[in-house]
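Engineer: coords please:
(chains A, B, C and D)
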2 protein chains.
Amino acid sequence: MFSKSCQYAIRAVTYLAEQQGNVKNVGVKEIAESLQVPQQFLAKILQQLAKHNLITSMKGPGGGFYLGEANANVTLLDIVKTMDGKNTLNTCILGKPSCSSEHPCPLHHHFYGCREGLKSTLATCMIGTLVDGKLC
Amino acid sequence: MFSKSCQYAIRAVTYLAEQQGNVKNVGVKEIAESLQVPQQFLAKILQQLAKHNLITSMKGPGGGFYLGEANANVTLLDIVKTMDGKNTLNTCILGKPSCSSEHPCPLHHHFYGCREGLKSTLATCMIGTLVDGKLC
DNA sequence: TTATAATCGGATGTTTTTATCCTTTATTTG
DNA sequence: CAAATAAAGGATAAAAACATCCGATTATAA
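Structural biologist: Below you'll find the model as predicted:
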């Protein structure tokens, strides 16, 4: 469903959200250790998110990543689209090119509602309000 | 969610189900052309399914694959587990190792029901009854 | 019996995803 | 200013997924 990059991204952003108010910046090292994921790989992901202004970064000593004013309206769907592409969550679960409600694949009706529900959940969840275990 | 191999497998099995009663055997070539997927790759997948007795194969001229008596009770979940492993559809959507209802990831509650529903759909669908567009 | 059509099986090749390494740039602190 | 620190960025490597090639085997039909 989600690539590993995307999974790491969401989990890292969740971690950042939880740290809001504590300290301003969080380094890659700390996040990677907390999530138990490869640090260098996670660094690339966070850089990518920062480049797209989904999170904020600061260089130098005491630097790191955080969720700031500029990221207030960023949703989980923004994260997903940046990591896995705009069309993720829109393609047929069986990869059938012509799948639609008119010409559905066998699983279309069973999966469509599920996927749309997930998409709308992601679209309404502002990352600033994320906490591990729940969305808001 | 599903690997390409698994997607091809489900679509091919659907095709076989639709051909039941018409001709006994269907060759890889015909299936691959119908699904618009690489023939040699699909051949491997069908061989794998046949080896696990999920579908039936016949060599020689006029040979091919079909759904027979021996495959009457095979479900879509059997196909999925064979192609993508037993643990697919059981792991956390964010890849968090410790995710559970007690220690859920942010998406756990939003995704759990969805996934269990899909799993039970797959578990109750006998492949013999499959038709493109619906399950039974 | 022989030619043919089809799966079977092993090896190999390609592409994408995941992961690491190393240098550069910006920032803070002493 | 110098040194230390942390992100940024480019190049490379490893692993997994996806795909192809080709000879062997088997069964059927002529």
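Engineer: Any regions of chain A where pLDDT drops low?
Structural biologist: Residues of chain A that meet the criterion pLDDT under 70 lie in A:131-136.
Engineer: could you pull out the strands for it?
Structural biologist: A:56-58, A:64-66 (DSSP state E).
Engineer: and of these, who's closest to chain B?
Structural biologist: Closest to chain B of the strands of chain A is strand A:64-66 (C-beta to the nearest C-beta; 17.8 Å). Just so you know, the C-beta spots here come from the backbone N, C-alpha and C atoms, and that holds for glycine as well.
Engineer: Quick one: check that closest one for contact with DNA strand D.
Structural biologist: Yes - counting by C-beta under 7 Å from any atom of the strand, DNA strand D has neighbours in strand A:64-66: A:Gly64, A:Phe65.
Engineer: which strands and helices sit next to that strand?
Structural biologist: helix A:4-19, helix A:28-35, strand A:56-58 (3 or more C-beta pairs under 8 Å, 6 or more residues apart in numbering or on different chains; DSSP states H and E).
Engineer: mind listing what's buried in that strand?
Structural biologist: By neighbour count, with 16 or more other C-beta atoms under 10 Å in any protein chain shown as the criterion, the buried positions of strand A:64-66 are A:Gly64, A:Phe65, A:Tyr66.
Engineer: which residues sit against it?
Structural biologist: A:16, A:19-20, A:24-28, A:30-31, A:46, A:50, A:55-58 (C-beta atoms under 8 Å, 6 or more residues apart in numbering or on different chains).
Engineer: Could you tell me which of those residues count as buried?
Structural biologist: For the contacts of strand A:64-66, buried by 16+ other C-beta under 10 Å: A:Leu16, A:Gln19, A:Gln20, A:Asn25, A:Val26, A:Val28, A:Glu30, A:Ile31, A:Leu46, A:Ile55, A:Thr56, A:Ser57.
Engineer: Return the closest of those with respect to A:Leu130.
Structural biologist: Taking C-beta to C-beta as the measure, A:Leu130 sits nearest to A:Leu16 out of those, at 8.4 Å.
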